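**Student:** Okay, structure incoming, though there's no sequence with it:
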């Protein structure tokens, strides 16, 4: 029961952080929505910062699940797996009203004042880049990429450009920047 | 004298907003640093929001000055002008300790809760994209781009990918993501 409450607080926290960012997130409103008293919050979390860091962990659980689902599918060629992952992410953005990516949002908001958040978000980007990089390695082995491609650099670049597209998608409340970026990227790297 | 104080508040405001973001920006600290009383602040600005919006205007003045400087230089081929603009921007990020772009920062932080900021930042991105697009049009006319290129889409994409690279550059406190993105982009569009 306590575990369910914690999970519910974090799921709601992800949604609220995505819309409001960190500083503007009101814990009172969160507790009211989930229907738990303040004491219960501090039973589960040391502080607002601890809560937001655990919300990032939950967000990453979802990201890794989507990566597992798409990148492990041996029936699909590697580049198409990468494309499918970003299509899934884009679908999930649509469900939220195109609010962009929580990692980019919290990263930009907090990395100037919190080394903890800066390092946390950088670790997340790095983890996503590594998994995409492994799939790009497979794409390279199968001849899907232009010869001589630096797959490590390419995977970093993909994460970064996606974050920029997600940012613009949030400004426009539209999927267009995401699709446009992905098409440009795939077209540029494809053999 | 009053105009100088206002300008100084805004210049300092740009620097503080870049590091702290909007919600974490303390007006008391800003006033102390510039050495003006609270009353003077409210003489120049209606509110913190008004101040931040005018700080964005000042930031855009700098961006347009850099665009003027680079894109109007007829002695340089168009694509190289675009490259030079982003080199200038990257140099300016270095001087600030790689804190990224104020537009992306405030855009991500505030666009979930403020339509005013969302529209303001979108207008800024749009204005930058249009100026880059005009230069890409010239590049296309001179045969510098792959034939059949949609220069409008390409200029939007450049702004968006740059914002993503700037975000990652802020996470890493490094120029590498910026250079990497620009090289990838130029390589992909060049004839």
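**Tutor:** Structure received. A quick note: this is a predicted structure, and the numbers were derived from the prediction, not measured. Residues are numbered from 1 along each chain as shown, chains lettered A, B, ... in the order given.
**Student:** So what's the residue count around whichever residue of chain A sits closest to chain B?
**Tutor:** Nearest residue of chain A to chain B (CB to the nearest CB) works out as residue A:164 at 2.4 Å. (C-beta placed from N, C-alpha, C; glycine too.) Neighbour count for residue A:164, taken as other CB atoms under 10 Å in any protein chain shown: 27.
**Student:** Quick check: it touching residue B:163?
**Tutor:** Yes: assessed by CB atoms under 8 Å, residue A:164 is found in contact with residue B:163 at 4.1 Å.
**Student:** Overlap of the contact sets of these two?
**Tutor:** Contact criterion CB atoms under 8 Å, 6 or more residues apart in numbering or on different chains; residues shared by residue A:164 and residue B:163: residue B:104.
**Student:** so where's the longest helix in chain A?
**Tutor:** For chain A, the helix that runs over the most residues, judged by DSSP state H, is helix A:115-141.
**Student:** chain center to that helix: distance?
**Tutor:** Put simply, helix A:115-141 sits 11 Å off its chain's centre (CA atoms, centre = their mean, to the nearest Å).
**Student:** which intervals of chain A have sub-threshold pLDDT?
**Tutor:** The model of chain A has pLDDT under 70 over residues A:1.
**Student:** Do you have the strands of it handy? List them.
**Tutor:** With DSSP state E applied, chain A shows no strands anywhere along its length.
**Student:** mind listing the helices for it?
**Tutor:** A:2-20, A:27-34, A:38-44, A:48-71, A:78-96, A:102-110, A:115-141, A:151-172, A:176-189.
**Student:** Adding distance to residue B:168, write those helices out as CSV.
**Tutor:** Formatted as CSV, those follow (distance: least, CB to CB, whole Å):
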stretch, distance to residue B:168
helix A:2-20, 19
helix A:27-34, 29
helix A:38-44, 32
helix A:48-71, 16
helix A:78-96, 17
helix A:102-110, 9
helix A:115-141, 7
helix A:151-172, 4
helix A:176-189, 14
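**Student:** wait, which of those is closest to residue B:44?
**Tutor:** helix A:102-110 (26.1 Å; CB to CB).
**Student:** coming back round to it: check which helices and strands the longest helix of chain A is in contact with.
**Tutor:** Under the contact criterion of 3 or more CB pairs under 8 Å, 6 or more residues apart in numbering or on different chains; DSSP states H and E, helix A:115-141 touches helix A:48-71, helix A:78-96, helix A:102-110, helix A:151-172, helix B:151-172.
**Student:** Could you rerun that using 6 Å?
**Tutor:** Applying 3 or more CB pairs under 6 Å, 6 or more residues apart in numbering or on different chains; DSSP states H and E, one finds that helix A:115-141 contacts helix A:48-71, helix A:78-96, helix A:102-110, helix A:151-172.
**Student:** For the second one, buried residues please.
**Tutor:** Of the residues in helix A:78-96, those buried under the neighbour-count criterion (16 or more other CB atoms under 10 Å in any protein chain shown) are A:78-90, A:93.
**Student:** So which of those reach chain B?
**Tutor:** Contacts with chain B are made by none of the buried residues of helix A:78-96, judged by CB under 6 Å from any CB of the partner chain.
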